[in-house]
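Enquirer: Okay, here's the prediction I keep looking at, along with the sequence it came from:
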Amino acid sequence: MAKKIIKKLKLQILAGKATPAPPVGPALGQAGINIGEFVTKFNDATKEMVGDIIPVEISVYEDRSFDFILKTPPASRLLLKALGKEKGSGKNLVNKIGKITKKQLIDIAAKKLPNLNTNDKEQGAKIIAGTARSMGIETD
């Protein structure tokens with residue numbers, strides 16, 4: 001028989017750098033998870049992605065065991081990384097922070113494809129372009 005899930009957590013943690021300190025520790029502690037075990041497993045699973053923020057979905061079972069699913073980094077983070085910027089524009093219609101090419105959009109869409117609601121890179125690029133426009137990034 002399958003284990004019963006009692007809680008689901010969604011967190012965004014810096015890859016390879018999870019620590020028991022806030023905000024990770026308290027969120028896991030409230031769910032009854034062994035914090036040290038999670039931190040070790042997460043850091044091992046994300047050691048190749050250091051520098052990216054990784055969304056993680058944690059399923060907590062009634063015997064206090066857990067599983068987690070790693071997602072791809074947020075599109076906004078991938079766009080900022082491609083441009084070499086720290087943050088998007090506060091006034092996206094007035095202040096533009098940069099320009100991104102169609103090829104870069106397709107590359108980002110290819111990376112995000114498992115978490116997008118499409119299977120086509122071209123359509124994924126359109127989704128990513130929408131995110132870019134809302135951040136004050138011009139697209140081709």
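Expert: Looks like it arrived, so ask away. Bear in mind that the values here come from a model prediction, so they are computed numbers and not experimental data. Residues are numbered from 1 along each chain as shown.
Enquirer: What ranges does this protein have for its helices?
Expert: Along the chain, counting by DSSP state H, helices occupy 24-31, 35-45, 75-83, 102-112, 121-134.
Enquirer: Against which helices or strands is the shortest one packed?
Expert: Read it as helix 24-31. strand 5-14, helix 35-45, strand 53-61 (3 or more C-beta pairs under 8 Å, 6 or more residues apart in numbering; DSSP states H and E). Every residue, glycine included, has its C-beta placed from N, CA and C.
Enquirer: ok, and for the last one, which residues are buried?
Expert: Which is strand 53-61. For strand 53-61, burial by neighbour count (16 or more other C-beta atoms under 10 Å) applies to 54-56, 58-61.
Enquirer: so how far is stretch 10-29 from its chain's centroid?
Expert: Distance of stretch 10-29 from its chain centroid, counting by C-alpha atoms, centre = their mean, to the nearest Å, is 13 Å.
Enquirer: and for it, what are the contacting residues?
Expert: Applying C-beta atoms under 8 Å, 6 or more residues apart in numbering, the contact partners of stretch 10-29 are 9, 35-36, 38-39, 42-43, 46-47, 49-58, 74.
Enquirer: If we use 10 Å, what do you get?
Expert: If you take C-beta atoms under 10 Å, 6 or more residues apart in numbering as the criterion, stretch 10-29 is touched by 9, 33-58, 60, 66, 68-71, 73-74, 77.
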